[in-house]
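*Asks:* sequence first, then the predicted structure:
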Amino acid sequence: MVRPGLPRSLQATGSGKEELRAGLLVPYLLRLRDERGEAAARALLSTVGIPGSILEDENEWISVAAARRALHALATALGEEAISRRGGWMTHPETLSSYVRMLRVSSQPLDAYRYLTAHAAESTRVGSYELAVHGPRSLQVTYLPRFEVQPDQRDRRLCHARVAELAAVPRIWGLPEAVVHGSECVADGDQLCRYQVRWTVPRPQGPVWGAIAGAILCGGAVAIAGSWVAATIALAVGTGLGGAIGLLSRRVATEHMARVFEKNRIAALERGLEVRGQFGEPAGELAGSLLGGKYRIQRKIGSGGIGAVYAAQHVGLGSSVAIKVLRGAAAVDAAEIARLRREARVQVSIEHPNVVRTLDLDQMPEGSIYVVMELLQGMSLAEHLKKRGPLPPGFAVPVFIQVCRALSAAHRLGVIHRDLKPGNVFVCDDETVKVLDFGMSKFAEAEALTQDGYTLGTPEYMSPEQCIGAPVEPRTDLYAFGVLMYEALTGELPIAGRSRRDLLELHQRMIPVSMQTRRPDLHLPRELDDAVMMCLKKRAAERPTSAQALEKALASIPAQLLVNEYPEGTPRRAPASHPSQGQV
């Protein structure tokens, strides 16, 4: 059959052979789908004779001929250069799910390259790979096509797709793409493809260079002034300070790589389980079931990326409860299990009317754990913001005061929440406020529970010290609370960035404008503006001394200054002409 729009050389036979994983095409199809819509991606697949089901299951097999036709069509649609680079599409969950097994055994890019070459049969049945390691970040990869199908693989776009995969591997760790140079290529008539692969790991100066730099800067500066005694003292101080800064910088860089990798690993696991039908909405499985012989599941009331929450009834007491259940990859992930256990333990220990009560913790027969909490009626502050836009201060301030009381109770026990955001503040129908999700909390005197990136905080609300991995304290929560209050009262975050990295940097150096400047149309009281902006100070020592002190400041604002309702039609966002932030 002749397919329209394809050169006669690509009207290949043998399209029914299972030779290559469809995952080879996924990054390009994802880009096409994002730019032109899913209909365009499906139309392209239909044109080249590939079933659209590969968009649901990237682990299907296709023939070399079909892959060539698809790459030709994709090059026409996206541009020839698009085939040579996967870019950010490498870390899309639908791409990563092809690498689930690799991610389970890899801790650095070199491990990934070793796995890909040693287990080539997972992605191709028409060739094999050989690997020669030249250094910690340099290696040679040789692709050996099977002789009988070698002519079908002389399409240069197949080589470009292999190069794109090799180059994109470091992206899984948040690193720049590898540099790949080909010395031999089957597209040029050679018997094999040989690639030299090098990648870099940007590292800030370590403790040694930091110490040297600190010594030179401090000691040299004082020596110029002519005092050698002072210069000696400055040399020692500079050496210690520079070494500490260098050590901290290297630690932050290393932890960043680990966080990005862990985030991508979990995304791959979740997608892999979804494709195999093991990860979906568990409502059908749990509705009506009896957990632990005493909790009858009634309905699902919420869900997120790693878990679902159900309304249930205690069959013995007749009381209503909420049950949080881990699902998918998180159900077997040690970090998430530890997080849920900690959430239960911390919430039990606080015992405060403004902290959600935890009633039980148990396991399902297959090993997944669940936590039983009081059932709340109402909506989160995030839902209020989405529904109403900026909250009038007459409604918001009483909510803030109750959050202060919850934080005070936690801080008295040495517990720091570390993930305070609108989604974790629940306003009940009776106007009682509950602070939720202490799963990321940390005891002030203890080490962090985990270094997994997806559990370290929400970057929009992280304090400067939290952004760099420095020790946290109660006033760390007050910074996040300041961001929360600013957003609730203005409808906008005080600091916005395009990526997690941008946000982590901006929270350290950008000073947001006051709420009165951002939203002059809302006529927010100066006393309220001052209280919120004090929480957003970059130095913890300049923030309110405690949640209790912040509560007193909020409670002292005259009630007549707190508007209870905004006029209908009040804009949700500030006019674009108003500045958003300044620089330290």
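*Replies:* Structure received. Values in this document were obtained by computation on a predicted structure and should not be read as measured data.

*Asks:* how about low-confidence regions in this protein?
*Replies:* Along the chain, segments meeting pLDDT under 70 span 1-18, 203-253, 269-285, 303-307, 327-340, 342-344, 366-367, 439-457, 575-584.

*Asks:* okay, now the domains of it?
*Replies:* Dividing the chain into domains by automatic domain parsing, as the record does, gives the ranges 8-198, 207-275, 283-374, 378-583.

*Asks:* can you redo those domains as a markdown table with mean neighbour count?
*Replies:* Glycine gets a C-beta too; all of them are placed from N, C-alpha and C. Compiled in a markdown table, the domains of the chain are given as follows (neighbours: other Cβ atoms under 10 Å):
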| stretch | mean neighbour count |
| --- | --- |
| domain 8-198 | 18 |
| domain 207-275 | 18 |
| domain 283-374 | 17 |
| domain 378-583 | 18 |
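
*Asks:* where do the strands of the stretch 351-500 of the chain begin and end?
*Replies:* Ranges of strands in the stretch 351-500 of the chain, per DSSP state E, counting those that start in this stretch, are 358-363, 369-374, 378-380, 415-416, 425-428, 433-435, 442-443.

*Asks:* nearest to Cys193, of these?
*Replies:* For the strands of the stretch 351-500 of the chain, the distance to Cys193 is smallest for strand 369-374, at 48.0 Å, taking Cβ to Cβ.

*Asks:* pull the distance from that closest one to the chain's centre.
*Replies:* Counting by Cα atoms, centre = their mean, to the nearest Å, strand 369-374 is centred 25 Å from the centre of its parent chain.

*Asks:* hmm, who's touching that strand?
*Replies:* 291, 295, 312, 321-326, 337, 340-341, 343-344, 347, 356-364 (Cβ atoms under 8 Å, 6 or more residues apart in numbering).

*Asks:* can you list the strands that that strand pairs with?
*Replies:* If you go by DSSP bridges, strand 369-374 pairs up with strand 320-326 (antiparallel), strand 358-363 (antiparallel).

*Asks:* ok so, going back, ok, which of the strands of the stretch 351-500 of the chain comes nearest Lys552?
*Replies:* Proximity of those to Lys552 was assessed by Cβ to Cβ; the nearest stretch is strand 433-435, lying at 17.4 Å.

*Asks:* residue boundaries of the helices in the stretch 101-250 of the chain?
*Replies:* Remark: helices assigned in the stretch 101-250 of the chain by DSSP state H, counting those that start in this stretch are 109-118, 156-168, 207-224, 228-275.

*Asks:* so Glu81 versus Gly87, what's the distance?
*Replies:* As judged by Cβ to Cβ, to the nearest Å, Glu81 and Gly87 stand 11 Å apart.

*Asks:* with Pro365 instead?
*Replies:* The spacing between Pro365 and Gly87, counted by Cβ to Cβ, is 44 Å.

*Asks:* what of Leu24?
*Replies:* When Cβ to Cβ is applied, the distance between Leu24 and Gly87 equals 15 Å.

*Asks:* likewise for Ala488?
*Replies:* Using Cβ to Cβ, we find Ala488 at a distance of 36 Å from Gly87.

*Asks:* ditto for Val399
*Replies:* When Cβ to Cβ is applied, the distance between Val399 and Gly87 equals 43 Å.

*Asks:* same deal with Arg518?
*Replies:* Remark: distance between Arg518 and Gly87 (Cβ to Cβ) = 35 Å.

*Asks:* related to what we said a few turns ago, distance to Met533 added to the strands of the stretch 351-500 of the chain, as TSV?
*Replies:* Output for the strands of the stretch 351-500 of the chain, formatted as TSV (distance: least, Cβ to Cβ, whole Å):
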stretch	distance to Met533
strand 358-363	34
strand 369-374	34
strand 378-380	24
strand 415-416	22
strand 425-428	20
strand 433-435	22
strand 442-443	26
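
*Asks:* and Arg171, what does it touch?
*Replies:* Applying Cβ under 8 Å, 6+ apart, one finds that Arg171 lies in contact with Arg86, Gly88, Met90, Thr91, Glu177.

*Asks:* in the residues you listed, find the pair that's most separated.
*Replies:* Set against one another by Cβ to Cβ, these have their most distant pair in Thr91 and Glu177, with a gap of 11.4 Å.

*Asks:* still on that earlier bit, closest to Leu436 out of the contacts of Arg171?
*Replies:* For the contacts of Arg171, the minimum distance to Leu436 (Cβ to Cβ) is 29.4 Å, reached by Thr91.

*Asks:* which residues touch the closest one?
*Replies:* Each residue near Thr91 by Cβ under 8 Å, 6+ apart is listed here: Arg171, Ile172, Asn264, Ala267.
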